[in-house]
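# have a look at this fold, sequence not included:
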Ligand SMILES: Nc1nc2c(ncn2[C@@H]2O[C@H](COP(=O)(O)OP(=O)(O)O)[C@@H](OP(=O)(O)OP(=O)(O)O)[C@H]2O)c(=O)[nH]1
Ligand SMILES: [Mn+2]
């Protein structure tokens with residue numbers, strides 16, 4: 001049974017990301033990615049409501065005008081702190097952000113790791129099917145290699161999620 005708090009987080013994310021689209025050829029609404037990430041977690045047996053809400057909200061500070069104070073006021077400090085762990089500093093250069101994701105994975109909390117793993121899993125599933133708009137084949141290949149480095153720094157977090165990720169890495173001969 002979905003909780004009112006969870007539905008509120010989904011409603012908020014859907015509103016905030018309403019003008020955004022994914023980079024796939026169909027320009028899928030951005031919110032589909034957020035639904036996918038939370039569904040991946042629920043299917044992996046994760047019932048922690050704060051984790052499922054932070055999954056839905058994981059890109060809302062990075063990609064919209066929402067602040068951590070907004071999230072704390074609306075959803076509490078637990079959810080807000082989790083989203084903070086999942087938010088890249090967009091003032092940094094892209095290379096630096098990518099390097100920091102690998103580094104920060106190793107010191108993130110177990111609950112944030114669940115979401116990071118599910119986020120990578122959804123992005124990689126998509127990359128297996130689609131080349132995002134504006135990406136070269138090389139860039140797509142590099143994302144698999146980089147994502148594996150992030151995942152390798154979070155081993156032992158959730159067997160189901162890691163098995164699904166490893167299946168993808170094995171297909172690319174990265175294991
Ligand atoms: N695979 C895929 N990714 C898409 C698509 N549309 C948007 N993205 C987003 O693009 C980001 C990955 O591309 P990058 O090159 O790393 O980042 P950038 O476009 O934001 O600069 C991911 O952001 P992120 O959620 O912050 O994840 P991450 O970069 O931290 O992994 C992903 O969510 C799509 O159609 N397919
Ligand atoms: Mn994401």
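Arrived safely, thanks for sending. Everything quoted here is computed from the prediction, not taken from an experiment. Ligands and ions are numbered 1, 2, ... in the order given.
# for the nearest residue to residue 92 once chain neighbours are set aside, what is the enclosing helix or strand?
With C-beta to C-beta, 6 or more residues apart in numbering as the criterion, residue 92 has its nearest non-adjacent residue at 7.1 Å, and that residue is residue 100. Every C-beta, even on glycine, is put in place using the N, C-alpha and C of the backbone. Per DSSP states H and E: residue 100 is located in helix 94-106.
# centre of the chain to whichever helix or strand comes after that helix, how far?
Counting by DSSP H and E, the next helix or strand C-terminal to helix 94-106 is helix 110-129. Remark: helix 110-129 is offset 5 Å from the chain centroid, using C-alpha atoms, centre = their mean, to the nearest Å.
# measure the residue nearest to residue 92 to ligand 2 for me?
Distance of residue 100 to ligand 2, computed by C-beta to the ion, to the nearest Å: 16 Å.
# list the contacts for that residue?
By C-beta atoms under 8 Å, 6 or more residues apart in numbering, the contact set of residue 100 is 88, 89, 92.
# got it, and residue 162?
Residue 162 touches 117, 151, 155, counting by C-beta under 8 Å, 6+ apart.
# neighbours of the second one, just the number please.
By the other C-beta atoms under 10 Å criterion, the neighbourhood of residue 151 contains 25 residues.
# is ligand 2 contacted by whichever strand or helix holds it?
For residue 151, the host element (DSSP H and E) is helix 137-152. No - Helix 137-152 is not in contact with ligand 2 by C-beta under 5 Å from the ion; minimum separation 11.6 Å.
# what's downstream of that helix, the next helix or strand?
Next along from helix 137-152, by DSSP H and E: helix 159-171.
# and that following helix, how far out from the chain's middle?
For helix 159-171 - counting by C-alpha atoms, centre = their mean - the centre lies 16 Å from the chain centre.
# so which bits of the helix holding residue 100 are buried?
Across helix 94-106, burial judged by 16 or more other C-beta atoms under 10 Å covers 98, 101, 102, 104, 105.
# same check, this time on stretch 153-173
153, 154, 157, 158, 161, 162, 164, 165, 168, 169.
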